[in-house]
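Student: The following block contains a protein sequence and its predicted model.
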Amino acid sequence: MKKKLNVQTRKSFVTYALLIVVVIAVEILLNTGNISSMMQGLLVPICVYAILAVSLNLTVGILGELSLGQAGFMCIGAYASAIFSNMVKDSITQPMIRFPLAILIGGICAALFGILIGIPVLRLRGDYLAIVTLAFGEIIKNVFAALYIGYDSAGLHISLKSQGDLNLAADGKMVINGALGISGTPNDSTFEIAVAILFITLIISYNFINSRTGRAVMSIRDNRIAAESVGINITKYKLITFGLTAFLAGVAGVLYSHNFYSLQASKFDYNLSILVLVFVVLGGIGSVRGSVIAAAVLTMLPEYLRSINKYRMLFYAITLIVMMICTSNATVRNFFIRSFEKLKGLVIKKKPAGGTVKEGE
Amino acid sequence: MAMLEIKDLCVNYGVIKALKGISFEVNEGEVIALIGANGAGKTTTLHTITGLLSAKSGSIVLDGKDITRTPAHKIVKMGIAHVPEGRRIFQNLTVLDNIRLGAFTRKDKDAIAEDVEKVYKLFPRLEERKTQIAGTLSGGEQQMLAMGRALMSKPRIVVMDEPSMGLSPILVSEIFDIIESIRKQGTTVLLVEQNAKKALAISDRAYVLETGKIVLSGKASDLINDESVKKAYLGE
């Protein structure tokens, strides 16, 4: 019997299919050597940003609260996993075992912090929540930038002052070197793993949105008092969403830290949080697919614009504005939808490749 | 013993005293009306009963159990459903999702499906529009949706906050007919209304609130003929 799929399920399958097509195309290009080294270097970051955007979309789009702490949670995931990988890289040499463990550790640490921070912070709403999460993100970044951790035969040494203050024995090793961060992290992130995690993130997000929990969270977004009056424990569901967002951001941080040899906390500043928010807003708040597309396009764009050097940021800004108009202005959107329909009418069998129009909501 | 007993309930908004010690009771199977002017404390009373506001002093007792400090989401489970003022529905979800969310505290899937059908029977228009986004419904339909949603938690008491607010006269009559049929199904109703005439016509007993105090109470049929009520609330 043919079962009718609901709208959300259909949307999610379209997204999965799109992602698979793109990944196959990239793999073919990679294997035939038809891809520039710059683009190769961007593959993992694109996945990282896409995961960040999809996870922030859960808080901004589904819960309806503005959080600017995304970089902070990513930072926790990146550091926790990099410390782990650095400490076990001699004992567990097989990356297929080491990396999944690192991902779990990074994600769980970030989620724990997400929930811990969420308990006091989620009492606030709107602008206040945005400001407080922004502050927490900065605190996390600055704490890591001031942290010195090393270990020797006597155990772990932690200091907030300087490297010398650790009093490491001769056989001691530095793990975190203050503002210089962590170096020597094994490069376990590959495009394949990053895409696999992006795929899992998409499945988690779509299933979350379609679940009982997801509907409860959306009802809080739509009307807090009504949600409370049908018996939804608001604090609990807010925390679940915030924790999940932090978990996924932490996982993105793991991918990020294992993509580079060294890692500094200064990378996780508020600019990064804002950037991720830009992806979410431009992709269409609440739209998972849009978040991924926006993250991919806006990560590649600045790199491709390097050729026009001076005017690079100008073009970037213009693209942002055009994208904003295309996704939020009803007239422009209808124009695209109409032309899309016409194209469909002209070419029935061949699918038009126009990806400008996001699902209309 | 009364099903729901409110004793000396005081509620403050900051320094403003919204309720200055009100006491009343609701018996099983009754329709009770709380009437009064704007700012009398009607909505505050309902919000305090359903746990959306916390009382400063006094007690709320349901079936002999003190629920004064119980959080809102647990009170729903104990059998009180709230139809909030101003049609607070979930704007961006479908009508069916809205109705299903009403049964959030329940786990019995088959019975929930049956109750969805019951809600459709009571509000046929909701069935026609079940896949529609709730925010696109008309005002009257939204009010029906809020009422249907509340019934999904299988409440023993439904508290309704101004169900007739902002509706056309025909719809107002329709809403009151529905309240009657809810009562006929054995559900107790606590009703807050500005439309005192209609509210008194379908209630058993009523309480008149004035600036945080109960100034008058009695059988609805008596109050409707009371000179002071007539003058103040019925405009006669």
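Tutor: Received, thanks.

Student: what sits opposite residue B:189 in the beta ladder?
Tutor: residue B:31, residue B:158 (DSSP bridges).

Student: which residues does it contact?
Tutor: Counting by C-beta atoms under 8 Å, 6 or more residues apart in numbering or on different chains, residue B:189 makes contact with B:30, B:31, B:32, B:157, B:158, B:159, B:160, B:179, B:182, B:183. Where C-beta positions appear, they are placed from N, C-alpha and C, glycine not excepted.

Student: can you tell me how far it sits from chain A?
Tutor: 16 Å (C-beta to the nearest C-beta, to the nearest Å).

Student: which stretches of chain A have low pLDDT?
Tutor: Low-confidence segments of chain A, defined by pLDDT under 70, span residues A:1-5, A:327, A:347-361.

Student: quick one: the strands in it?
Tutor: Taking DSSP state E, the strands of chain A run over residues A:148-152, A:155-159, A:173-177, A:182-183, A:262-263.

Student: Among those strands, single out whichever gets nearest to residue B:92.
Tutor: The minimum distance between residue B:92 and the strands of chain A falls on strand A:262-263, with 39.7 Å, by C-beta to C-beta.

Student: in its sheet, what does that closest one sit against?
Tutor: By DSSP bridges, strand A:262-263 pairs with strand A:182-183 (antiparallel).

Student: Tell me which residues are up against the strand it pairs with.
Tutor: By C-beta under 8 Å, 6+ apart, strand A:182-183 touches A:79, A:82, A:83, A:86, A:175, A:176, A:177, A:257, A:261, A:262, A:263.

Student: Write out the residues of chain B neighbouring chain A.
Tutor: B:50-52, B:71-77, B:81-82, B:84, B:88-93, B:97, B:100-102, B:104-105, B:146, B:149-150, B:152-153 (C-beta under 8 Å from any C-beta of the partner chain).

Student: Now which of those residues would you call buried?
Tutor: With burial judged by 16 or more other C-beta atoms under 10 Å in any protein chain shown, the buried subset of the residues of chain B next to chain A is B:50-52, B:71-73, B:75-76, B:81-82, B:84, B:88-93, B:97, B:100-102, B:104-105, B:146, B:149-150, B:152-153.

Student: Contacts for the helix-or-strand element of chain B with minimal mean pLDDT, please.
Tutor: The weakest-scoring helix or strand in chain B, judged by mean pLDDT, DSSP states H and E, is helix B:227-229 (a mean of 81). The contact list for helix B:227-229 (C-beta under 8 Å, 6+ apart) reads B:196, B:208, B:216, B:223.

Student: Pick out whichever of these sits closest to residue A:43.
Tutor: Nearest member of the contacts of helix B:227-229 to residue A:43, counting by C-beta to C-beta, is residue B:196, at 69.4 Å.

Student: To what extent is the closest residue to that closest one other than its chain neighbours buried, counted in neighbours?
Tutor: Distances taken as C-beta to C-beta, 6 or more residues apart in numbering or on different chains put residue B:233 closest to residue B:196, at 4.0 Å, once the chain neighbours are dropped. For residue B:233, the number of neighbouring residues by other C-beta atoms under 10 Å in any protein chain shown comes to 22.

Student: State the three-state secondary structure for residue B:233.
Tutor: In three-state terms, and counting by DSSP: H, G, I helix; E, B strand; the rest coil, residue B:233 is helix.

Student: How much space separates it from chain A?
Tutor: Applying C-beta to the nearest C-beta, the value for residue B:233 to chain A is 27 Å.

Student: my read: that residue touches residue B:210, true?
Tutor: No: Residue B:233 is not in contact with residue B:210 according to C-beta atoms under 8 Å; the separation is 10.2 Å.

Student: what residues are shared contacts of those two?
Tutor: Taking C-beta under 8 Å, 6+ apart as the criterion, residue B:233 and residue B:210 both touch B:36, B:37.

Student: So for residue A:296, what's the nearest residue that isn't a sequence neighbour?
Tutor: Nearest non-adjacent residue to residue A:296, counting by C-beta to C-beta, 6+ apart: residue A:46, 5.1 Å away.

Student: ditto for residue A:111
Tutor: Nearest one to residue A:111, counting by C-beta to C-beta, 6+ apart, is residue A:247 at 3.8 Å.

Student: got the contact list for that neighbour?
Tutor: A:55, A:107, A:108, A:110, A:111, A:114.

Student: Pull the number of nearby residues for the closest residue in space to residue B:40 that isn't next to it in sequence.
Tutor: Spatial nearest neighbour of residue B:40, excluding adjacent residues (C-beta to C-beta, 6+ apart): residue B:209 at 4.1 Å. Neighbours of residue B:209 under the rule other C-beta under 10 Å: 24.

Student: Residue B:209 belongs to a strand?
Tutor: Yes: the assignment for residue B:209 is a strand, going by three-state DSSP.

Student: Any idea what it is bridged to?
Tutor: Under the criterion used (DSSP bridges), residue B:209 bridges to residue B:36, residue B:214.

Student: For whichever residue of chain A sits closest to chain B, what are phi and psi?
Tutor: Residue of chain A nearest chain B, by C-beta to the nearest C-beta: residue A:231 (3.2 Å). Dihedral pair for residue A:231: phi 100, psi 20, per degrees, to the nearest 10.

Student: Can you tell me the centre-most residue of the chain?
Tutor: Because you didn't say which chain, this covers chain A. In chain A, the C-alpha nearest the mean C-alpha coordinate belongs to residue A:52, at 0.9 Å (C-alpha atoms, centre = their mean).

Student: actually chain B
Tutor: For chain B, the residue nearest the mean C-alpha position is residue B:160 (1.5 Å; C-alpha atoms, centre = their mean).

Student: for that residue, what are its contacts?
Tutor: Contacts of residue B:160 (C-beta under 8 Å, 6+ apart): B:83, B:147, B:150, B:179, B:189, B:190, B:191, B:192.

Student: quick check, nearest of the residues you listed to residue B:42?
Tutor: residue B:192 (4.3 Å).

Student: my guess is the closest one meets residue B:158, correct?
Tutor: No: the criterion here is C-beta under 8 Å, and residue B:192 misses it with residue B:158 at 11.5 Å.

Student: quick revisit: now, the contacts of helix B:227-229 that are in helices?
Tutor: Cross-referencing the contacts of helix B:227-229 against helices under DSSP state H gives B:196, B:223.

Student: ok, which pair from the contacts of helix B:227-229 is furthest apart?
Tutor: Longest span within these, C-beta to C-beta: B:196 and B:216, 11.5 Å.

Student: which one of these two has more residues nearby?
Tutor: residue B:196 (23 against 17).

Student: Against chain A, how distant is that one?
Tutor: From residue B:196 across to chain A, the span is 24 Å (C-beta to the nearest C-beta).

Student: Spit out the contact partners of that residue.
Tutor: Residues in contact with residue B:196 (C-beta under 8 Å, 6+ apart) are B:33, B:35, B:229, B:233, B:234.

Student: you'd agree the first one is up against residue B:200?
Tutor: Spelled out, it's residue B:33. Yes: under the criterion of C-beta under 8 Å, residue B:33 makes contact with residue B:200 at 6.2 Å.
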